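Participant: Below are the sequence and a predicted model; questions follow.
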Amino acid sequence: MRFDLLAERGAVVPSLWWFEIRNVLLVAERRQRLTGAESDEFLAELARLPIEIDREPVSAEVLALGRRFKLSAYDAAYLELALRRQATLATFDAALAAAARRLKVPLA
C-alpha cells in the first residue's frame with residue numbers, strides 16, 4: 001500500500017503486524033540493507049500514520065479460514081480481520097489474495 005493512501009485512509013492490522021515489521025527491519029539490518037538509524041527513522045515515520053492495531057481476533061474463525069484455504073495462522077489472521085471489519089485487504093501473497101477473492105473481500 002502506498003504511504004500517501006495509508007496516511008489518507010488509515011489502516012487496521014492484526015497485532016502480529018507489530019512483530020512482523022520489526023522482524024523485517026532486523027533482517028534488513030543483518031543483510032546490511034538498512035542501518036539501525038534507518039530502521040528507527042522508518043518506525044518513527046510509521047508511528048505517525050493512522051494505523052490501528054486490532055487485538056481481538058476470533059480464534060475459531062482464524063483456524064477455520066486457515067484450514068479452508070490452507071493459509072498460515074498469520075495470513076488467516078489478516079483475512080479474518082478484513083472480513084470482521086469489512087475492510088480492504090492489502091497483500092502481495094497470492095494464496096491470501098485468492099482466498100480473499102473467493103470470499104469477496106476487496107483487495108488493494
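Facilitator: Perfect, thanks for sending it.
Participant: alpha carbons only for contacts and neighbour counts from here, please
Facilitator: Noted.
Participant: For this protein, just list every one of the strands.
Facilitator: Secondary structure of the chain (DSSP state E): strands at 11-14, 51-54.
Participant: among these, which is the most enclosed?
Facilitator: strand 11-14 (a mean of 18; mean count of other C-alpha atoms under 10 Å).
Participant: The helix or strand bottoming out on mean pLDDT in the chain: how far from the chain's middle?
Facilitator: Ranking every helix and strand in the chain by mean pLDDT, DSSP states H and E puts helix 3-9 at the bottom, with a mean of 81. Counting by C-alpha atoms, centre = their mean, to the nearest Å, helix 3-9 is centred 15 Å from the centre of its parent chain.
Participant: which helices and strands sit right next to that helix?
Facilitator: The contact analysis (3 or more C-alpha pairs under 8 Å, 6 or more residues apart in numbering; DSSP states H and E) places helix 3-9 against no helix or strand.
Participant: contacts for it?
Facilitator: 49-50 (C-alpha atoms under 8 Å, 6 or more residues apart in numbering).
Participant: 6 Å - rerun?
Facilitator: If you take C-alpha atoms under 6 Å, 6 or more residues apart in numbering as the criterion, helix 3-9 is touched by Leu49.
Participant: Give me the buried positions along it.
Facilitator: Within helix 3-9, no residue is scored as buried using 16 or more other C-alpha atoms under 10 Å.
Participant: For it, C-alpha coordinates in CSV please.
Facilitator: The C-alpha coordinates for helix 3-9 follow below in CSV (Å, rounded to 0.1, in the frame of the first residue of the first chain):
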residue,chain,number,x,y,z
PHE,A,3,2.1,5.7,2.2
ASP,A,4,0.0,8.6,0.9
LEU,A,5,-3.1,6.4,0.6
LEU,A,6,-2.4,4.9,4.0
ALA,A,7,-2.0,8.4,5.5
GLU,A,8,-5.3,9.4,3.9
ARG,A,9,-7.4,6.4,4.8
